[in-house]
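[1] Provided below are the primary sequence and the corresponding predicted coordinates.
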Amino acid sequence: MAQQQQISLPAKLINGGIAGMVGVTCVFPIDLAKTRLQNQRSGQQLYKSMVDCLIKTVKSEGYFGMYRGAAVNLTLVTPEKAIKLAANDFFRHQLSKDGGRLTVFKEMLAGCCAGMCQVIVTTPMEMLKIQLQDAGRLAAQQRVMPSVVTAMKMGGTSAVLSRSYNTTPAPQVMRVSAIQITKELLRTKGVTGLYRGLGATLMRFDQF
């Protein structure tokens, strides 16, 4: 039994990492459409629906445009799952009495504690992913309504994106990367800049 427990955690980490990558690959285009539709402002709608958003994304950015920002998730999904699974096993062990079966309440408590540990990776991952996902919408909006984008001053977006998209009309819009955004946030706001929205992430039930 002890030997089985020793090999169970690495197996869980491998399975969790693979499952996470498959999940990101399958649902990322839908998540990208959700982000771009949510960030549209009244009177500045570029997309009418999820399907319209995906079609326009493919036309303007190519097929891989639907996966803009996915590299962040694919890179961090394995350590995210590792933290969650390891923490869940740790808290389940701490809450169990002599290896006995946990009550439903203790199962929920262990899951909540594991989810709280998971946000160490989840919060910066989600923040970077959303900014990269929305970058394509901002670029398309600049091409259609450059003066409107300049007037917006990129209210909730990082300074890197602001400098990248608040330029005079040009045939090509400079692409930004997760590394650029991370460096800018660390330079201007420190480590706390990567954890904006931590409270909201903690409130998400799908973290537990």
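    It's in. Numbers count the residues shown, from 1 in each chain.
[2] For the rest of this, base every contact and every neighbour count on C-alpha atoms.
    OK.
[3] need the contact list for the residue nearest to the spatial centre of the chain.
    Residue closest to the mean C-alpha point of the chain, counted by CA atoms, centre = their mean, is residue 126 at 2.5 Å. Counting by CA atoms under 8 Å, 6 or more residues apart in numbering, residue 126 touches residue 73.
[4] what helix or strand does it sit in?
    Here residue 126 sits within helix 104-144, counting by DSSP states H and E.
[5] Check residue 45 too.
    Short version, using DSSP H and E: residue 45 is in no helix or strand.
[6] any idea of the pLDDT on residue 106?
    If you check residue 106, the pLDDT there is 89.
[7] Quickly note the distance from it to residue 140.
    49 Å (CA to CA, to the nearest Å).
[8] Count the neighbours of the closest residue in space to residue 177 that isn't next to it in sequence for me.
    Among residues not flanking residue 177 along the chain, residue 132 sits closest, at 7.3 Å (CA to CA, 6 or more residues apart in numbering). The tally of other residues near residue 132 (other CA atoms under 10 Å) stands at 25.
[9] Tell me who's in contact with residue 132.
    68-69, 176-178 are the contacts of residue 132 under CA under 8 Å, 6+ apart.
[10] Is it possible to mark the buried ones in these?
    Listed as buried from those are 68-69, 176-178; burial here means 16 or more other CA atoms under 10 Å.
[11] Looking at these, which one is closest to residue 18?
    residue 69 (18.4 Å; CA to CA).
[12] any idea of the pLDDT on that closest one?
    86.
[13] Got the phi and psi for it?
    Dihedral angles phi and psi of residue 69 (degrees, to the nearest 10) take the values phi 100, psi -10.
[14] what sits against it?
    Taking CA under 8 Å, 6+ apart, one finds 128-130, 132-133, 178 in contact with residue 69.
[15] Could you single out the nearest of the residues you listed to residue 195?
    Distances from residue 195 to the contacts of residue 69, taken by CA to CA, are shortest for residue 128, at 10.3 Å.
[16] which non-adjacent residue is nearest the closest one?
    residue 178 (6.1 Å).
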